[in-house]
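J.: following is a predicted model, sequence given first.
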Amino acid sequence: MGSWASSRAWSRAGAIAQVVAVGRPRRVAARTTRILMFAVGSLLIASGVAVMLWNQIGPGPLDVFIGAVKSRTGLPLTFAVWLTIGAMLAIAWAIGRRPGPGSVIGPIVVGPAMQLALEQLQRLDPPSSFVLGVIVHVGAVLVVGLGAGALIVSGLGAGSGELLAAAASDRSGHPEPRMRFVFEATWLVLGVALGGPIGVGTVIVAALIGPAVAFGSRTVESLLTASRRQLDLVAA
């Protein structure tokens, strides 16, 4: 009886140890994936916005506002981004959505990365054809949408625009894409009033950024789900 109970205890302990041993790599892999998604998402956003600024047919509404802040204050682009995004995160927190660590760290990464990408792009001439410029701008919006989707799915904290739209959606009951459009229009009006740059590209971003973020979230989530299934099949 004693030996049976002892062997049963050892069996149970072994099973627990096996679960812990398997669970630990899974947790590490999940945490690593989240951090990687956050880093890639931040760089995608920085690259997409840099392309819009380089394209010279009009930045997005928020970037019109950031441009106005930059010109009014004389701050470098990186600091103008930090000031604006910090204010947006504070507003989102005040109306009900607490920023995650990624929401705070993201702008710290995006600001310098955007400035560096823009400096590299400015060595090249922007598209001379208006049609090609529009195509480049739409592609840049999709890149930003994928980046924002990666930040959302990572769970480390959504971007400032997504967080603010989500907070306003919670308060008003309106869908997030609609609230995103309202905020984009607000940045546009304020930016133009303060002397920020504007163009056809600004309208393109205002119209497409909400759907692009929704598309990006679905795409990243689908890719993540497919990757998990592949890993489960390999593990099995």
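T.: Noted; the coordinates are in hand. The model shown is predicted, which means the values in this text are computed figures rather than measured ones. Residues are numbered from 1 along each chain as shown.

J.: please make it C-alpha for all contacts and neighbour counts, starting now.
T.: Will do.

J.: okay, now the residue lying closest to T78 once chain neighbours are set aside: neighbour count?
T.: Leaving aside its chain neighbours, T78 sits nearest to G111 (4.5 Å; criterion: CA to CA, 6 or more residues apart in numbering). G111: 22 surrounding residues under other CA atoms under 10 Å.

J.: what of S172?
T.: S172: 11 surrounding residues under other CA under 10 Å.

J.: distance check, it against G96.
T.: Remark: distance between S172 and G96 (CA to CA, to the nearest Å) = 12 Å.

J.: about what we covered before: ok, the residue nearest to T78 touching T84?
T.: No. Using CA atoms under 8 Å, G111 makes no contact with T84, being 10.9 Å away.

J.: where in this structure is pLDDT low?
T.: The chain contains residues with pLDDT under 70 at 1-26, 28-29, 230-236.

J.: got a list of what the residue nearest to the spatial centre of the chain touches?
T.: Closest residue to the average C-alpha location of the chain: A148 at 2.5 Å, with CA atoms, centre = their mean. Contact analysis of A148 by CA atoms under 8 Å, 6 or more residues apart in numbering lists G41, S42, I45, A158, G159, E162, V213, G216, S217.

J.: tell me which helix or strand the residue nearest to T78 sits in.
T.: Assigned by DSSP states H and E, G111 belongs to helix 101-121.

J.: give me the contacts around that helix.
T.: Helix 101-121 is touched from outside by 38, 42-43, 45-47, 49-51, 53-54, 77-79, 81-82, 85-86, 89, 151, 156-160, with contacts defined as CA under 8 Å, 6+ apart.

J.: run the last query once more with 6 Å
T.: Applying CA atoms under 6 Å, 6 or more residues apart in numbering, the external contacts of helix 101-121 come out as S42, A46, A50, T78, V81, L156, G157, A158, G159.

J.: look up how far A87 lies from the fifth one.
T.: Looking back up the chat, that one is V81. Distance, V81 to A87, using CA to CA: 10 Å.

J.: between the two, point out the one with more neighbours.
T.: V81 (25 against 13).

J.: return the residues in contact with that one.
T.: V81 touches G111, counting by CA under 6 Å, 6+ apart.
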